[in-house]
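Trainee: the following block contains a protein sequence and its predicted model.
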Amino acid sequence: MRIILLGAPGSGKGTQGEKLVAHFGIPKISTGDALRAAVKAGTELGKQAKATMDAGKLVADEIVIGIVEQRLAQDDAKHGFILDGFPRNTAQAEVLDAMLDRLGQPPMSRAVHLAVDDEEIVQRLLDRAQKEGRADDKEDVIRHRIEVYNAETMPLLKYYDDQHKLVNVDGIGSLEEIFARIIDAL
Ligand code: AMP
């Protein structure tokens, strides 16, 4: 299984991704987690990415592509993986297709879209801000991240639909309900 999780920030990609990890025994690759770890560790890459992330903008394609390429080349990703937060735009999706081909890996199997409306997203992210204190979970930044998602990432729904890989899943409900819908849809 090679699964892409698509959905606005706060749609549940991270949580459902963890459940898929346990279910399929394959790793999850989250560019957002990798970038946050780099910021925390104070690496050069983290320093480059921090201001962009805090503003809710997308970091440069080369940076996230480099992260994914390194991770995909590792042994545990050879038999499948889950992508959370990548690709985020059409250019990244095209590079991903080419990268798998170059690595001699089969193409992506499915893109799972977790559908959650904007107001629910804002509410969830404000709740998360209180609990986790993420620097990009402030209301104006949240609204900007949703705009970036709608403008840059939504076109990927068509990209994967054209490849007959898109599955739409209702992202409202309990974690277990949503997970069952995903498994049914795969
Ligand atoms: P996430 O945890 O996936 O919401 O990502 C947090 C932030 O990391 C995003 O708002 C972007 O600034 C950055 N980021 C994560 N993944 C990508 C990506 N594929 N392309 C560009 N920026 C990304």
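Mentor: That came through, no problem.
Trainee: give me the element residue 69 is part of.
Mentor: In the assignment (DSSP states H and E), residue 69 maps to helix 61-72.
Trainee: which residue is the nearest non-sequential neighbour of residue 87?
Mentor: Nearest residue to residue 87, sequence neighbours excluded (CB to CB, 6 or more residues apart in numbering): residue 93, at 4.1 Å. Every C-beta, even on glycine, is put in place using the N, C-alpha and C of the backbone.
Trainee: average pLDDT across the helix or strand where that neighbour lies?
Mentor: Take DSSP H and E as the rule and residue 93 turns out to sit in helix 90-102. Confidence over helix 90-102, taken as the mean pLDDT, stands at 97.
Trainee: next helix or strand past it?
Mentor: Tracing the chain past helix 90-102, the next element assigned as helix or strand by DSSP H and E is strand 110-115.
Trainee: got the CA positions of that following strand in PDB?
Mentor: The C-alpha atoms that make up strand 110-115 are tabulated as PDB, following Å, rounded to 0.1, in the frame of the first residue of the first chain:
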ATOM      1  CA  ARG A 110      -4.600   5.600  -3.400                       C
ATOM      2  CA  ALA A 111      -5.100   9.200  -2.400                       C
ATOM      3  CA  VAL A 112      -7.500   9.400   0.500                       C
ATOM      4  CA  HIS A 113      -9.300  12.800   0.900                       C
ATOM      5  CA  LEU A 114     -10.600  13.500   4.400                       C
ATOM      6  CA  ALA A 115     -13.400  16.000   3.700                       C
END
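Trainee: now do that strand: which elements does it pack against?
Mentor: Applying 3 or more CB pairs under 8 Å, 6 or more residues apart in numbering; DSSP states H and E, we find strand 110-115 packed against strand 2-6, helix 13-24, helix 155-162, strand 166-170, helix 175-185.
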